[in-house]
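Chemist: turn this into a structure:
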Amino acid sequence: MLVRLAVALLLLLTPAAAIAQQPDGPVPLFPGAAVPSIAPEPLPPIEPAPTSPPGPGPDAATLTPPPAAAPEPRIFCHQAVTPRLVEAASAPEQDRRFVGIWSDASWTPQLCAALIVEAVAPDGRARIVYVFGPMTANPNGSGGVLHGTGIVHGGELRFQNSDGSQFGFRPLYGDLAGRLTTPQGRTYDAIFKKTP
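Modeler: Residues are numbered from 1 along each chain as shown. Purely as a prediction, here's the structure:
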């Protein structure tokens, strides 16, 4: 009982002691410096908008955007690639999430990979560029750029390369989860990050 009374008294007196230790006003950061005023100050008056007679708007030439510049080459896995992406809105709504550049992936600690889905047609055919190469700048390492066609079906993008390796990609949040199956039946998984 005595312990409870002591704890209650301590809890009641602690806030009062803390308040008593507070200074009366702001403490200057530099002794002897004046404390700046924080009183409200009036704002300068707003200048009136210029009045001009209504007339014809800007001509069509000033509203037309300049022609798009040729895409710049990008480097993925030590391979130079020039992506030619279409607007994602041109793809079927359920397949728009595949259009874009997907990189920063590695099937193994030595093998880098990137995927560019340039377009997806209404029938599900996808124009792709698959890039692979060594993780390090190894002049003896093999790599390449494969231009081809994949198919989007059942929420998955699939394609196969010339050696029989099969690739499958499914959306995973804002990225793509990829699976590589070699002709020998080995499988490798990697996450391909959306790249601006």
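Chemist: residue ranges with poor pLDDT in the protein?
Modeler: Within the chain, the ranges that satisfy pLDDT under 70 run 5-44, 46, 49-70, 138-141.
Chemist: contacts for stretch 169-185 next, please.
Modeler: 97-98, 102, 105, 107, 113, 115, 155-158, 163-168, 187-194 (Cβ atoms under 8 Å, 6 or more residues apart in numbering). In short, each C-beta sits where N, CA and C put it, glycine included.
Chemist: which parts of it are buried?
Modeler: The neighbour-count check on stretch 169-185 (16 or more other Cβ atoms under 10 Å) flags 169-170, 175-180 as buried.
Chemist: now do the contacts for Arg127.
Modeler: Arg127 sits next to 117-120, 149 when contact means Cβ under 8 Å, 6+ apart.
Chemist: that one belongs to a strand, doesn't it?
Modeler: Yes - assigned with DSSP: H, G, I helix; E, B strand; the rest coil, Arg127 falls within a strand.
Chemist: which residues does it bridge with?
Modeler: For Arg127, the beta-bridge partners are Ala119, Thr149 (DSSP bridges).
Chemist: how about Ile191?
Modeler: Applying DSSP bridges to Ile191, the residues it is bridged with are Ala177.
Chemist: please begin residue numbering at 615 from this point
Modeler: Renumbered: residue one is now 615, and that last one reads Ile805.
Chemist: helix/strand/coil for Gly799?
Modeler: Secondary structure for Gly799, judged by three-state DSSP, is coil.
Chemist: what are the phi and psi values for it?
Modeler: phi 90, psi 0 (degrees, to the nearest 10).
Chemist: then Phe690?
Modeler: Main-chain torsions, Phe690, degrees, to the nearest 10: phi -130, psi 130.
Chemist: Trp716 contacts Lys807, doesn't it?
Modeler: Yes - taking contacts as Cβ atoms under 8 Å, Trp716 lies within contact range of Lys807: 6.6 Å.
Chemist: okay, these two: which has more neighbours?
Modeler: Neighbours per residue (other Cβ atoms under 10 Å) separate Trp716 from Lys807, with Trp716 holding more: 22 against 14.
Chemist: related to what we said a few turns ago, what is the nearest of the buried residues of stretch 783-799 to Met615?
Modeler: Asp789 (62.6 Å; Cβ to Cβ).
Chemist: just to revisit the earlier point, narrow the contacts of stretch 783-799 to just the buried residues.
Modeler: If you count burial by 16+ other Cβ under 10 Å, the buried members of those come out as 711-712, 716, 719, 721, 727, 729, 770-772, 779, 781-782, 804, 806.
Chemist: from those, which is closest to Leu616?
Modeler: Nearest to Leu616 among the buried ones among the contacts of stretch 783-799, counting by Cβ to Cβ, is Ala804 at 67.0 Å.
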